[in-house]
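# Below: sequence and its predicted model.
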Amino acid sequence: MCFEHCISTNEIIDITVRNDALTALLRKPSLTFMLAILAGLAVSPARAQSAVAEGQKLAFDRGKGNCLTCHVIKGGDLPGTIGPELKDIKSRYPDRNELFAILFDETKRNPQTMMPPFGRNRILTEQEINAIVDFLQTL
Amino acid sequence: MKVRSAILLGSVCAALVAFALASSHVNAADKIDPAADAKAFQNFFFQKFPNVKHEDFVNGPYSMNEDMKRQWQEKEEFPPYEFALDAGKEMFATPFKNGKTYADCFPNGGIGIRQNYPYFDEKEGKVVTLELALNRCRETNGEAPYSYVKDEMASLTAYMAYTSRGKPMDIKIPDDPRALAAFENGKRYFYTRRGQMNFSCASCHVQSPGERIRAEILAPALGILNAMPIYRSEWSGMGTTSRRFITCNSQTRAVPLEPQSDEYRDVEYFLSYVANGLPISGPGARP
């Protein structure tokens, strides 16, 4: 399954592209290397932020995650009451794999759950679930 | 406690279904006990909502929330189903081309009989709903059948429900293995998860009545059909029991059945039977 490392793969590709552009201007490989690291540091939080924004969009979208239908989420209007409020997620679920598993198919752990099996029934792709997990971890 | 009892009920039902399936080759009919099911079903809701008067369950989401109930009571002074009701009354009194009327097709001229539908027709060996009986009446008298989901059908059933308001639901299950099988089939449909969202009817209306999905309050399954047909603001119009089932199926991204298909007829039979004793409140108004 594709967890963190698919995002980091994207980052590596991005850095490489940027690196190529930079090498055209810079001759010193060591400097290029350092710049690449700096670029990596700069890109990484921006990347993460865009995944979080995407995750929030998916979480609020009625046709996608639609988490608001059942959960109170900070920043969301007219939340439902079926599920627990989504807050303090990082302390409650330090392991993002567990969060991913809940979104993918919570019926595995709790057969009586109302939570739709977003991954198993292909309501969301794995990439979309990962973006939502990124967003949830900011709550 | 709430969650625990819902889980318990869910598992009991799952166990019952599993048991019924496992023993079907012996004789499933021996195990079907609608009276016990109805008692357990009603007690579940009465215990879950000890402050709701029993006869109030037929008012759907309004029985679950005081604020909404007040708004609804005000709305009832000028009810949104009034046009349909007036139209239904007129249609009911207007003779067909052959001179007969709907009254000729029903016991007691069709007045005050809503609480007896659906019934099990032993000749046909199937459940007959009020909507089905109305279209059969039309066809027998040389008229084209109406759409099952809204408009004329909703107007006719609105009028027939209105003349039956307050009468306790009174569904009979004859001692006929086919009737018991229909009840059991309806019950199975009700508790089976389906569709992309993986919901059963019970997920929302047994496990979660009174809870909100976004701004909407989920209605309890108990007495849900006593209020049919309904004017739904979401539909900007009237809808029948058929429309309600179809909408539920499509909203949970399941494949809706044809109106008045055997399974819908059976689930209506099950749901109406377990509401026996609760008053007819239709036509209703819902958000």
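In hand now; what should we look at? Numbers count the residues shown, from 1 in each chain, chains lettered A, B, ... in the order given.

# hey, where'd the helices end up in chain B?
For chain B, the helices defined by DSSP state H cover B:2-22, B:24-27, B:34-48, B:66-75, B:82-93, B:130-140, B:151-162, B:177-191, B:201-205, B:241-251, B:262-273.

# And for residue A:50, the neighbour number?
Counted with other C-beta atoms under 10 Å in any protein chain shown, the neighbours of residue A:50 add up to 12. Any C-beta I mention is one placed from the backbone N, CA and C, and that applies to glycine too.

# So it, which state does it fall into?
helix (DSSP: H, G, I helix; E, B strand; the rest coil).

# what separates it from residue A:134, distance-wise?
Residue A:50 sits 9 Å away from residue A:134, going by C-beta to C-beta, to the nearest Å.

# Identify the residues contacting the closest residue to residue B:187 other than its chain neighbours.
Spatial nearest neighbour of residue B:187, chain neighbours left out: residue B:270 (4.7 Å); criterion: C-beta to C-beta, 6 or more residues apart in numbering or on different chains. Contacts for residue B:270 (C-beta atoms under 8 Å, 6 or more residues apart in numbering or on different chains) come out as B:183, B:186, B:187, B:189, B:190.

# per-residue confidence at the last one?
Reported pLDDT at residue B:190 in the predicted model: 97.

# who's in contact with the residue most central in space within chain B?
What sits nearest the mean C-alpha location of chain B, by C-alpha atoms, centre = their mean, is residue B:225, with 2.9 Å. Listed by C-beta under 8 Å, 6+ apart, the contact set of residue B:225 reads B:241, B:268, B:271, B:272, B:275.

# what about the fourth one, how many residues close to it?
Looking back up the chat, that one is residue B:272. Counted with other C-beta under 10 Å, residue B:272 comes out at 27.

# What separation do you get for it and chain A?
From residue B:272 over to chain A the distance is 25 Å, taken as C-beta to the nearest C-beta, to the nearest Å.

# Which residues are in contact with the residue nearest to that residue when sequence neighbours are not counted?
Leaving aside its chain neighbours, residue B:272 sits nearest to residue B:171 (4.8 Å; criterion: C-beta to C-beta, 6+ apart). Applying C-beta under 8 Å, 6+ apart, one finds that residue B:171 lies in contact with B:116, B:117, B:118, B:119, B:269, B:272, B:273, B:276.

# tell me which parts of chain A are close to chain B?
A:68-70, A:78-82, A:107, A:111-112, A:114, A:116-117, A:121-123 (C-beta under 8 Å from any C-beta of the partner chain).

# and if we set it to 7 Å?
Contacts of chain A with chain B, taken as C-beta under 7 Å from any C-beta of the partner chain, map to A:68-70, A:78, A:80-82, A:107, A:112, A:114, A:116-117, A:121, A:123.

# neighbour-wise, which of the residues you listed leads?
Ranking those using other C-beta under 10 Å puts residue A:116 first, with 27 neighbours.

# three-state assignment of that residue?
Per three-state DSSP, residue A:116 ends up coil.

# ranges for the helices of chain A?
Residue ranges of the helices in chain A, as given by DSSP H, are A:4-25, A:29-60, A:89-92, A:96-105, A:126-136.

# weakest of those helices by average pLDDT?
helix A:4-25 (a mean of 38).

# circling back: quick one: buried ones out of the contacts of residue B:270?
B:183, B:186, B:187, B:189, B:190 (16 or more other C-beta atoms under 10 Å in any protein chain shown).

# What residues does chain B have near chain A?
Contacts of chain B with chain A, taken as C-beta under 7 Å from any C-beta, map to B:7, B:10, B:196-198, B:203, B:207-208, B:211-215.

# Lowest average pLDDT across the helices of chain B?
helix B:24-27 (a mean of 46).

# Residues touching stretch A:80-88, excluding its own?
A:67-74, A:114-115, A:136, A:139, B:208, B:211-214 (C-beta atoms under 7 Å, 6 or more residues apart in numbering or on different chains).

# quick one: buried residues of stretch A:61-79?
Across stretch A:61-79, burial judged by 16+ other C-beta under 10 Å covers A:65, A:66, A:67, A:68, A:69, A:70, A:71, A:73, A:76, A:79.

# Next one, pLDDT for the fourth one please.
According to the predicted model, the pLDDT of residue A:68 comes to 93.

# Residue A:63 versus the residue nearest to it when sequence neighbours are not counted, what's the distance?
In this structure, residue A:68 finds its nearest non-sequential neighbour in residue A:76, 4.4 Å apart by C-beta to C-beta, 6+ apart. Applying C-beta to C-beta, the value for residue A:76 to residue A:63 is 15 Å.
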